[in-house]
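*Asks:* One predicted model, sequence on top.
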Amino acid sequence: MNKYEERAVRERKAALRSSMTLWTAGLALIAVVFAIIGLSSGAPSQFWSRAALVLAILLLALRQISRRLRGRTPRAAEPDPKSRLNLQ
């Protein structure tokens, strides 16, 4: 991969990371709004258990996606230069 392709990949990953950050912030804001609504209306315990379950699933999914975006591609193993046989 040449330097221009690597740059394009880095820019695409940076855009995805910033998008994920915005989505996470938006989901956190929605969770806070639902918590305020639930507290003001005296929601039953079933509401809180379902909300916690949905929030946990969303956070786990976002964590896995961010790990995939952060992960580096593995490079091919290179032989030791001292053990390489030069036939020139």
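*Replies:* Thanks, I have the structure now.

*Asks:* How about the contacts made by the residue most central in space within the chain?
*Replies:* Geometric centre of the chain, nearest residue: residue 66, 1.2 Å, by Cα atoms, centre = their mean. The contact partners of residue 66, taken as Cβ atoms under 8 Å, 6 or more residues apart in numbering, are 17, 20. To be clear about C-beta, it is placed using only N, CA and C from the backbone, and glycine gets the same treatment.

*Asks:* so how far is residue 26 from it?
*Replies:* 15 Å (Cβ to Cβ, to the nearest Å).

*Asks:* quick revisit: may I have the phi/psi pair for the residue nearest to the centre of the chain?
*Replies:* The phi/psi pair for residue 66 (degrees, to the nearest 10) reads phi -70, psi -30.

*Asks:* Quick check: pLDDT value at it.
*Replies:* pLDDT, residue 66: 74.

*Asks:* Could you measure from it over to residue 33?
*Replies:* 23 Å.

*Asks:* Neighbours of residue 31, how many?
*Replies:* Residue 31: 16 surrounding residues under other Cβ atoms under 10 Å.

*Asks:* how near is it to residue 48?
*Replies:* Applying Cβ to Cβ to residue 31 and residue 48 gives a distance of 12 Å.

*Asks:* hang on, the earlier thing: now the residue nearest to the centre of the chain: how far from residue 60?
*Replies:* Taking Cβ to Cβ, one finds residue 66 at 11 Å from residue 60.

*Asks:* same check, this time on residue 39
*Replies:* In terms of Cβ to Cβ, residue 39 sits 25 Å off from residue 60.

*Asks:* packing partners for the host helix or strand of residue 29?
*Replies:* Using DSSP states H and E, residue 29 maps to helix 3-41. Here helix 3-41 touches helix 45-70, going by 3 or more Cβ pairs under 8 Å, 6 or more residues apart in numbering; DSSP states H and E.

*Asks:* The helix it packs on vs helix 3-41, what angle?
*Replies:* If you take axes from the mean of the first three to the mean of the last three Cα atoms, to 10 degrees, helix 45-70 sits at 170 degrees to helix 3-41.

*Asks:* In helix 45-70, which residues are buried?
*Replies:* For helix 45-70, burial by neighbour count (16 or more other Cβ atoms under 10 Å) applies to 55, 58.
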